[in-house]
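**Q** A structural model of the following input is requested.
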Amino acid sequence: MNTEKDFSPLTPNVVRALNDKLYEKRKVAALEIEKLVREFVAQNNSTQIRHVIQILASEFALSQHPHSRKGGLIGLAACSIALGKDSGLYLKELIEPVLTCFNDSDSRLRYYACEALYNIVKVARGAVLPHFNLLFDGLSKLAADPDPNVKSGSELLDRLLKDIVTESNKFDLVAFVPLLRERIYSNNQYARQFIISWIHVLESVPDINLLDYLPEILDGLFQILGDNSKEIRRTCEVVLGEFLKEIKKTPSSVKFAEMANILVIHCQVADETKLTNDLIQLTAMTWMREFIQLAGRVVLPYSSGILTAVLPCLSYDDRKKNTKEAASACNHSLMKLVTPEDDEEEEEKSGGTGSPSREDDQPKTETDSNDMLNASQESVGFSNISFFTPASADRPQVTLDLDGIVQVLDRHLHDSSTGMMTRIAVLKWLYHLYIKTPRKMFRHTDSLFPMLLKTLSDESDEVILKDLEVLAEIASSPAGQTDQVGSCDSADHRLQLKVPEGAKPGSKAADSSPSTPSMNSYFYKFMINLLKRFSLERKLLENRGAFIIRQLCLLLHAENIFHSMADILLKEEDLKFASTMVQTLNTILLTSAELFQLRNQLKDLRTQESCALFCCLYRSWCHNPVATVSLCFLTQNYKHAYDLIQKFGDLEVTVDFLMEVDKLVQLIESPIFTYLRLQLLDVENNPYLIKALYGLLMLLPQSQAFQLLSQRLRCVPNPELMRTVDESKYMDSKQQAVSKRASHTHMDYNELLQHFDRVQSKHLEVRHQRSGRASDHPDRKLM
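**A** Just a heads-up that it's a prediction; the model follows:
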């Protein structure tokens, strides 16, 4: 009696059958319940309908007894079938107890729950969409179920639900995305398969715009792309490919900025041993390439992070050829986004109408930006995955994160493991930034300068060439001109550098390019530090010294290079280094094609400037006697050359000295000194040339060079035979040429000779000191 009262309107027979362990009896009870509910529907008795559903849910489906739970599930499915199109009114009460049974420990019961829910959903169709999140949550758990029957049942239910969503135009995407974002990070293979299949379906529905919510699920998609299952990876690739196609079709509606950091993270390989990471990296880099091309300057605030990801990929080998090519395209596109506009201060961009306090606010913004960058770098480290916060997300204008970019570039230069192509790319970036944003870049020059100098010792010629281009731009850019010209040395060490008309340092007329020979306050500092590096690294001087100086003569003004180096060497305390450096510079001056114009300028000495250059070079060239004579030959100062050779008898003639004389004889036979050999025909007007050459001959032992010079001098003609009838006219023209040259050359040759004596006396004194120290410590010498 109590049983009838407790479960009415269900009859005792129905209750007994629902609790039975046999499926057939429970099925008969379900048919009775279906018949009963149909009667209530016909009577429009919703109260009784709810009462039946409530009894089946609480007393059966949620019962402690497993057979009762099975009976409750089949009973709820029967109610749904009986309700038909009206089941939508009772869906909450029907679905919730069934979903609870999804967590049951009995696999058979989970299967029955899946079957019951399938029947409920099949009847309700579109009416279940308001409860979609609950259904999706339950299904995502069943997708990873260990029982194959349960999994099979869940797949049927999953397909049914997908059909309903595809057909409907009432799907609530806003409510679903948070659940999707949470579930997408599952590590279970089946759960991932379930998630990616749903994203694929939602993406294919025209009325559902999943692209708007892509920033919330993009990271999870890249995580799934690294799954061990080939099928899941392939599906994920298809999904990402479809998203990218959609992005290309409608770039104006894409939230590029929100996804930039996600791509930066996945462009960096955390574990190179995992092959799936290569796929993630390539896909992310491909996306990054498209983003930069489509979004343009929108990605500039993230450029430091992008470079952190892209630069290492440029040194990949052919095994990662596709990733390398995509990274190269990213790098090239990003570089093109930097324009001269980025060199303007904020107040200039806004037309100077801002409040006076903006000047004070600007450094604060930069500091905050640096703090953010530093914090992100410290948290991840260089070798790990890292990304950067944009300089200022709330600014209305897109701002180049120059401080962050320079930090990244500097860090790659400092890292000894950085590949050659990456180093070249870093130097190209620095050069590009100095061209496009010189004023802002010069704030970083003092911190970059030491590393740029150190890079000159790189093993790659191509790296050195790019490094020299950057250093040349720093030395010649008008933006680098400051009032503190002598900051790198005392005031009396300053040079009066030759600057062609229209290109004075700091002038607006001078174009900011490496071809502009205007020099700024960094030029002299560069020359001092370059010579200091040569002094400390003699191998660098021996192996690359000539190459570096020749390239600098192409990039900058050759006269300024030689003038400044000669001036610095004049004060060099290490006399042996000074002599070696002069020998190197002299060889470059006499043999390099890049210095043809400078040789012509010195050959004639027709201008006051060329005379001043000769005097400047001469004073330093005195560190090397043979180089000094060769300079006199070049400038056609033959009498002075003869006077110098006369003094060689007082010098300490060593094997090295004779080898240098030998090289000079070889040079005299080279095309550089063709004019000198032709002047031997005019014996009467060039007596000191012949004397000087004979002087060299007498210095040499009877070697191959001796034979060479001796044969040349035997070819000098007899002056009597060379006289012509029209000799008086010739002599007049010769005198005019000599007087024209003399009018510009107010040089005190006696003073130059005295300077030569003083310099050579110092060299002799230093050599004696060295030999004295060696004799005082014979045991040290032995070591």
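**Q** Can you get me a residue count around Glu765?
**A** 11 (other CB atoms under 10 Å). All C-beta atoms are positioned from the backbone trio N, CA, C, and that covers glycine.
**Q** To clarify, my last question referred to Lys162.
**A** The burial count for Lys162: 17, using other CB under 10 Å.
**Q** got the contact list for the helix or strand containing it?
**A** With elements taken from DSSP states H and E, the one containing Lys162 is helix 148-167. With contact meaning CB atoms under 8 Å, 6 or more residues apart in numbering, helix 148-167 is reached by 107, 110-111, 114-115, 117-118, 121-122, 125-126, 128-129, 132, 135-136, 139, 142-143, 145, 171, 190, 194, 197-198, 201-202, 204-205.
**Q** Which among those count as buried?
**A** Among the contacts of helix 148-167, those classed as buried by neighbour count (16 or more other CB atoms under 10 Å) are 110-111, 114-115, 117-118, 121-122, 125, 128-129, 132, 135-136, 139, 142-143, 145, 171, 190, 194, 197-198, 201-202, 205.
**Q** In three-state terms, label Ala144 for me.
**A** coil (DSSP: H, G, I helix; E, B strand; the rest coil).
**Q** Okay, it and Ala558: tell me how far apart.
**A** Distance, Ala144 to Ala558, using CB to CB, to the nearest Å: 74 Å.
**Q** Check which helices and strands the helix or strand hosting Val463 is in contact with.
**A** Val463 is part of helix 461-476 when elements are defined by DSSP H and E. For helix 461-476, the elements it packs on are helix 420-436, helix 445-454, helix 521-536, helix 546-555, judged by 3 or more CB pairs under 8 Å, 6 or more residues apart in numbering; DSSP states H and E.
**Q** Need the winner for burial among these.
**A** Using mean count of other CB atoms under 10 Å, the stretch among the helices and strands packed on helix 461-476 with the largest mean neighbour count is helix 420-436, at a mean of 22.
**Q** Please put the alpha-carbon coordinates of that one into CSV.
**A** In CSV, the C-alpha atoms belonging to helix 420-436 read as follows (Å, rounded to 0.1, in the frame of the first residue of the first chain):
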residue,chain,number,x,y,z
MET,A,420,76.3,32.5,-38.6
MET,A,421,73.1,33.3,-40.5
THR,A,422,71.4,34.5,-37.3
ARG,A,423,74.4,36.8,-36.6
ILE,A,424,74.2,38.2,-40.1
ALA,A,425,70.4,38.8,-39.7
VAL,A,426,71.0,40.5,-36.3
LEU,A,427,73.6,42.9,-37.9
LYS,A,428,71.3,43.5,-40.8
TRP,A,429,68.6,44.5,-38.3
LEU,A,430,70.9,46.9,-36.5
TYR,A,431,72.0,48.5,-39.8
HIS,A,432,68.3,48.8,-40.8
LEU,A,433,67.4,50.4,-37.5
TYR,A,434,70.3,52.9,-37.7
ILE,A,435,69.1,53.9,-41.2
LYS,A,436,65.4,54.1,-40.3
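**Q** Hey, what's the angle from the host helix or strand of Gly404 to helix 420-436? Just curious.
**A** Using DSSP H and E, Gly404 falls within helix 402-414. Helix 402-414 and helix 420-436 are oriented at 150 degrees to each other (axes from the mean of the first three to the mean of the last three CA atoms, to 10 degrees).
**Q** What residues of helix 402-414 count as buried?
**A** Those would be 402-413, for helix 402-414 by 16+ other CB under 10 Å.
**Q** And whichever helix in the chain runs longest, what does it pack against?
**A** The single longest helix within the chain, with elements called by DSSP state H, is helix 749-776. In terms of contacts (3+ CB pairs under 8 Å, 6+ apart), helix 749-776 is packed against helix 575-591, helix 608-621, helix 625-634, helix 638-647, helix 778-782.
**Q** Could you give me the buried positions within the second one?
**A** Spelled out, that is helix 608-621. In helix 608-621, the ones that count as buried by 16+ other CB under 10 Å are 610-611, 613-621.
**Q** what angle sits between the helix or strand that the helix holding Lys162 is followed by and helix 148-167?
**A** Downstream of helix 148-167, the next assigned helix or strand under DSSP H and E is helix 173-183. Relative orientation of helix 173-183 versus helix 148-167 (the same axes, to 10 degrees): 150 degrees.
**Q** neighbouring contacts of helix 173-183?
**A** The contact list for helix 173-183 (CB under 8 Å, 6+ apart) reads 132-133, 136-137, 140, 191, 195, 198-199, 202, 208-210, 213, 216-217, 220.
**Q** Also stretch 661-676?
**A** Stretch 661-676 has contacts (CB under 8 Å, 6+ apart) with 590-591, 599, 603, 626, 629-630, 633, 636, 677, 689, 693, 696, 699-700, 703, 705, 708-709, 712.
**Q** Among those, which ones are in helices?
**A** Per DSSP H, the contacts of stretch 661-676 map to helices at 590-591, 599, 603, 626, 629-630, 633, 677, 689, 693, 696, 699, 705, 708-709, 712.
**Q** Quick one, which of the residues you listed are buried?
**A** Neighbour counting by 16+ other CB under 10 Å classes 590, 599, 603, 626, 629-630, 633, 677, 689, 693, 696, 699, 705, 708-709, 712 among these as buried.
**Q** Give me the three-state assignment for the nearest residue to Leu764 once chain neighbours are set aside.
**A** Take Leu764 and drop its neighbours on the chain: the residue closest to it by CB to CB, 6 or more residues apart in numbering is Glu652, 6.3 Å away. Of the three states, Glu652 takes coil under three-state DSSP.
**Q** Give me the distance from stretch 147-165 to the chain's centre.
**A** With CA atoms, centre = their mean, to the nearest Å as the basis, stretch 147-165 stands 48 Å off its chain's centre.
**Q** Show me where the stretch 301-450 of the chain has its strands.
**A** Under the criterion DSSP state E, counting those that start in this stretch, the stretch 301-450 of the chain contains no strands.
**Q** Please, where are all the helices along it?
**A** 303-310, 321-337, 346-349, 358-380, 402-414, 420-436, 438-441, 445-454 (DSSP state H, counting those that start in this stretch).
**Q** Adding distance to Thr584 and mean pLDDT as columns, could you present the ones you listed in TSV?
**A** TSV is the format used below for the helices of the stretch 301-450 of the chain (distance: least, CB to CB, whole Å; pLDDT from 0 to 100):
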stretch	distance to Thr584	mean pLDDT
helix 303-310	38	94
helix 321-337	36	95
helix 346-349	46	56
helix 358-380	42	37
helix 402-414	27	95
helix 420-436	25	96
helix 438-441	32	93
helix 445-454	18	94
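**Q** Need the phi and psi values for Asn188.
**A** phi -70, psi 130 (degrees, to the nearest 10).
**Q** OK, contacts around it?
**A** Counting by CB under 8 Å, 6+ apart, Asn188 touches Ala144.
**Q** With the one 4 residues further on instead?
**A** Contacts for Arg192 (CB under 8 Å, 6+ apart) come out as 186, 224, 227, 229, 232.
**Q** Please verify my assumption that the third one contacts Thr276.
**A** When you say that, I think you mean Asp227. Yes - at 7.2 Å, Asp227 counts as touching Thr276 under the criterion of CB atoms under 8 Å.
**Q** Identify the contacts common to those two.
**A** Shared contacts of Asp227 and Thr276, defined by CB under 8 Å, 6+ apart, are found at Arg233.
**Q** average pLDDT for stretch 628-639?
**A** Averaged over stretch 628-639, pLDDT sits at 94.
**Q** In it, which residues are buried?
**A** 628-639.
**Q** List just the nearest of those residues to Leu294.
**A** Nearest to Leu294 among the buried residues of stretch 628-639 is Leu634, at 59.8 Å by CB to CB.
**Q** Spit out the contact partners of the closest one.
**A** Counting by CB under 8 Å, 6+ apart, Leu634 touches 589-590, 599, 602-603.
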